[in-house]
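Visitor: this is a predicted model, with the sequence first.
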Amino acid sequence: MIRNDFQRQFRSHNSPVTRRTSLLQAIHLDPSLLGGLLLLLTAGLFVLYSASGESMPMVMRQLTRIVVGLIVMMFMAQISPNSYKRWSPWLYVIGIGLLIGVLVIGTQAKGAQRWLPLPGGVRFQPSEVMKLIVPMMVSWYLAERALPPQWKPVVASCVLILIPTLLIAKQPDLGTSLLIASSGIFALFLSGLRWRVIGGFAIALIPIATGAWFLMRDYQKQRVLTFLDPERDPWGTGWNIIQSKTAIGSGGLNGKGWLNGTQAHLDFLPESHTDFIIAVMAEEFGLVGVCSLLILYFAIIGRGIYIAMNAQDTYSRLLAGSITLTFFVYIFVNIGMVSGLLPVVGVPLPFVSYGGTSIVTLFAGFGILMSVQTHRKLLSR
């Protein structure tokens, strides 16, 4: 009996699945998270090919960025959470300095000043890396204090969030500033805020939102008005959302089939390969296709929440949880604005929309998640 038990254990530890899992863990990659991301990326490339008008060069550029992102993810996964914790305040200071540099010497494009010029004609967008640095900083600050936090740490955390949010909003980049604010707020929320504090924030948002209207630029106000009534200017500002709803509705249950959509292929739907790519998917794959994509998204989010719940220390838990919930906000905001439930703010659908820096940033975030999970397992042995 003892010999049979030993043989079963030997076979299980030397099975192909176990060897593959051990190899991935040895290089600090989480198998479940990696598998979900690869499935999502594959689906995204298929949708992008159709949304781009069957442009293989665009798909190849996206594939190149994916490869770069995967390399960045693997690199980020090798760094231990303790190292991220030590570097957090320094990265925050450097990030704020870069944002100030954007306002002083940044390059402009389409009325926005969001990039720093680098040698070789390359442009760098510091606001993208702040999506990770802000939750890292807030997690570091709160992890050093008693939880749930009292009023002073809460106010200090809000200041840490507000500084980069305002600097990015001034570029102007409302969508990115909201994402960065939410990433920091999630870290604060996960620290165990009392409900009376959360209620106080909710009440304070009413006058803040009212005052923000008067600080908005004309095009930002127009987006809100278009959200409330897109039919007021159907041939102008309301065109995008009207065509997007048309594409979503015409897909029905099963869709028209891959490459058979009309809204994108006949150029009725602007930005079909970036912000409005989910509308293309809804038209060609229908409700079934969109729900399948959402199931895949929620599986990835569920794994991220699991990693956060089982993190080894407070800093890792807050950081992993905020990264995961920010990923959810990406999905929620993009689908909400494409379907007319939210104003259009220019947030891409993660790993599906065509993009550059944003894809690499997302991969970096998942590299940190994998670091939290795999280093925890190594330390617990």
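Guide: Received it, and whenever you're ready, just let me know what you need. Numbering: from 1, shown residues only.
Visitor: how about residue 182, nearest residue that isn't a chain neighbour?
Guide: If the residues on either side of it in the chain are set aside, residue 182 comes closest to residue 329, at 5.1 Å by Cβ to Cβ, 6 or more residues apart in numbering. The way it works is simple: take the backbone N, C-alpha and C, and place the C-beta from them, glycine included.
Visitor: swap that for residue 193, sorry
Guide: Leaving aside its chain neighbours, residue 193 sits nearest to residue 148 (6.1 Å; criterion: Cβ to Cβ, 6+ apart).
Visitor: with residue 307 instead?
Guide: residue 373 (4.6 Å).
Visitor: swap in residue 336?
Guide: Closest to residue 336 by Cβ to Cβ, 6+ apart is residue 342, at 3.6 Å.
Visitor: what are the phi and psi angles of that neighbour?
Guide: phi -140, psi 160 (degrees, to the nearest 10).
Visitor: do the same with residue 107
Guide: Main-chain torsions, residue 107, degrees, to the nearest 10: phi -90, psi 150.
Visitor: in a helix, residue 28, correct?
Guide: No. With DSSP: H, G, I helix; E, B strand; the rest coil as the criterion, residue 28 is located in coil rather than a helix.
Visitor: in stretch 343-355, what counts as buried?
Guide: By 16 or more other Cβ atoms under 10 Å, the buried positions in stretch 343-355 come out as 343-345, 347-355.
Visitor: again, but for stretch 29-48
Guide: 29-30, 32-34, 36-37, 40-41, 43-48.
Visitor: go on, stretch 113-128?
Guide: Result for stretch 113-128 [16+ other Cβ under 10 Å]: buried residues 113-116, 124-128.
Visitor: can you list those in TSV and add distance to residue 252 and pLDDT?
Guide: As requested, the buried residues of stretch 113-128 are exported to TSV (distance: Cβ to Cβ, whole Å; pLDDT from 0 to 100):
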residue	distance to residue 252	pLDDT
113	43	79
114	39	83
115	41	81
116	46	83
124	43	81
125	38	86
126	43	88
127	39	89
128	37	88
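Visitor: could you dump the residues you listed to JSON lines with secondary structure?
Guide: Putting the buried residues of stretch 113-128 into JSON lines (three-state DSSP) gives the following:
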{"residue": "113", "secondary structure": "strand"}
{"residue": "114", "secondary structure": "strand"}
{"residue": "115", "secondary structure": "strand"}
{"residue": "116", "secondary structure": "strand"}
{"residue": "124", "secondary structure": "strand"}
{"residue": "125", "secondary structure": "coil"}
{"residue": "126", "secondary structure": "helix"}
{"residue": "127", "secondary structure": "helix"}
{"residue": "128", "secondary structure": "helix"}
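Visitor: among these, which pair sits farthest apart?
Guide: 113 and 128 (14.8 Å; Cβ to Cβ).
Visitor: related to what we said a few turns ago, my guess is the residue nearest to residue 336 meets residue 329, correct?
Guide: No. In this structure, residue 342 is not within contact of residue 329 by Cβ atoms under 8 Å, at 11.0 Å.
Visitor: and the pLDDT at the residue nearest to residue 336?
Guide: pLDDT recorded at residue 342 is 84.
Visitor: where does this structure have low pLDDT?
Guide: 1-21, 24, 110-111, 120-121, 209-217, 219-221, 223-237, 377-381 (pLDDT under 70).
Visitor: so which residues of it form strands?
Guide: 107-109, 112-118, 122-124 (DSSP state E).
Visitor: contact partners of the first one?
Guide: Pointing back at strand 107-109 there. 113, 115-117, 123 (Cβ atoms under 8 Å, 6 or more residues apart in numbering).
Visitor: likewise for the longest one?
Guide: Under the contact criterion Cβ under 8 Å, 6+ apart, strand 112-118 has outside partners 98, 101-103, 105-107, 109, 123-127, 171-173.
Visitor: spatially central residue for the chain, please.
Guide: Nearest to the mean C-alpha position of the chain, by Cα atoms, centre = their mean, lies residue 327 at 3.8 Å.
Visitor: contacting residues for that residue?
Guide: 300-301, 304, 350, 362, 365.
Visitor: and which of the contacts of strand 107-109 is nearest residue 195?
Guide: Checking the contacts of strand 107-109 one by one against residue 195 (Cβ to Cβ), the nearest turns out to be residue 113, at 40.3 Å.
Visitor: quick one, what contacts the residue nearest to residue 193?
Guide: 191-194.
Visitor: which of the residues you listed has the most neighbours?
Guide: When neighbours are taken as other Cβ atoms under 10 Å, the top entry among these is residue 191 (24 neighbours).
Visitor: run a quick neighbour tally on the residue nearest to it when sequence neighbours are not counted.
Guide: Nearest non-adjacent residue to residue 191, counting by Cβ to Cβ, 6+ apart: residue 142, 4.7 Å away. The tally of other residues near residue 142 (other Cβ under 10 Å) stands at 25.
Visitor: I'd say residue 268 and residue 262 touch.
Guide: Yes. Between residue 268 and residue 262 there is a contact at 7.2 Å, judged by Cβ under 8 Å.
Visitor: okay, now the domains of the chain?
Guide: The chain breaks down into these domains under automatic domain parsing: 31-78+217-381, 79-215.
Visitor: for the longest helix seen in the chain, list every residue counted as buried.
Guide: Counting residues, the longest helix in the chain under DSSP state H turns out to be helix 277-309. Of the residues in helix 277-309, 277-286, 289-290, 293, 296-297, 299-301, 303-304, 306-308 count as buried by neighbour count, 16+ other Cβ under 10 Å.
Visitor: and for stretch 89-107?
Guide: If you call a residue buried by 16+ other Cβ under 10 Å, then stretch 89-107 has these buried ones: 91-92, 95-96, 98-99, 102, 106.
Visitor: so how far is it off the chain centroid?
Guide: The chain centre lies 21 Å from the centre of stretch 89-107; the measure is Cα atoms, centre = their mean, to the nearest Å.
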